[in-house]
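> sequence unknown, structure follows:
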C-alpha cells in the first residue's frame, strides 16, 4: 500500500517572509532505500518517491489521497510566535 505525508514545507534560509508558505504538499515515502556503493548516494527503485504534488488546501490534498486510496499522515504546521518589537525600545533601556 502506498504511504504519503501531507504537510506545509518550511521556508528556506534565504526567505524572510511568509510568501509561498500556504501550499500543502503530498509526498510519498521512499520504500527500501539503498546506498550506491560507488558514490554513497541514497537511491531507490520506487519512482513514487520522486513525485511531489502541491495543493492549495489541506482538504484538497486529503480528498485526493482518499480518492486514490493512499494511506496518508498529516503533519500540522507549528504556529509562529510573533513578538511585536519597536526600534525605539533599543534606546529606552
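Cool, the structure landed. Every value quoted in this text rests on a predicted model; they were computed, and no experiment measured them.
> the helices in the chain, which residues?
58-67, 89-92 (DSSP state H).
> what residues does the first one touch?
Residues outside helix 58-67 that contact it (CB atoms under 8 Å, 6 or more residues apart in numbering) are 4, 6, 24, 25, 26, 53, 55, 70, 71, 72, 74. From N, CA and C alone the C-beta is placed, and that goes for glycine too.
> quick one: mean pLDDT over that helix.
On average, the pLDDT along helix 58-67 is 95.
> who does the spatially closest residue to residue 9 that is not a sequence neighbour bridge with?
Of all residues beyond its chain neighbours, the one nearest residue 9 is residue 25 (5.8 Å), with distances taken as CB to CB, 6 or more residues apart in numbering. Beta bridges link residue 25 to residue 7, residue 54 when assigned by DSSP bridges.
> that older thread, give me whichever of the helices of the chain is most buried.
helix 58-67 (a mean of 14; mean count of other CB atoms under 10 Å).
> run the chain-centre distance for the worst-scoring helix or strand of the chain on mean pLDDT.
Within the chain, no helix or strand scores below strand 42-43, which has a mean of 76 by mean pLDDT, DSSP states H and E. Relative to the mean C-alpha coordinate of its chain, strand 42-43 is positioned 20 Å out (CA atoms, centre = their mean, to the nearest Å).
> for stretch 76-93, same thing?
Worked out by CA atoms, centre = their mean, stretch 76-93 lies 26 Å from the chain centre.
> use 13 as the first number from now on
Done: numbering now begins at 13, and the last item shifts to stretch 88-105.
> who touches that stretch?
Contacts of stretch 88-105 (CB under 8 Å, 6+ apart): 19, 20.
> returning to what we had before: could the helices of the chain be laid out in TSV, adding distance to residue 90?
Formatted as TSV, the helices of the chain follow (distance: least, CB to CB, whole Å):
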stretch	distance to residue 90
helix 70-79	15
helix 101-104	26
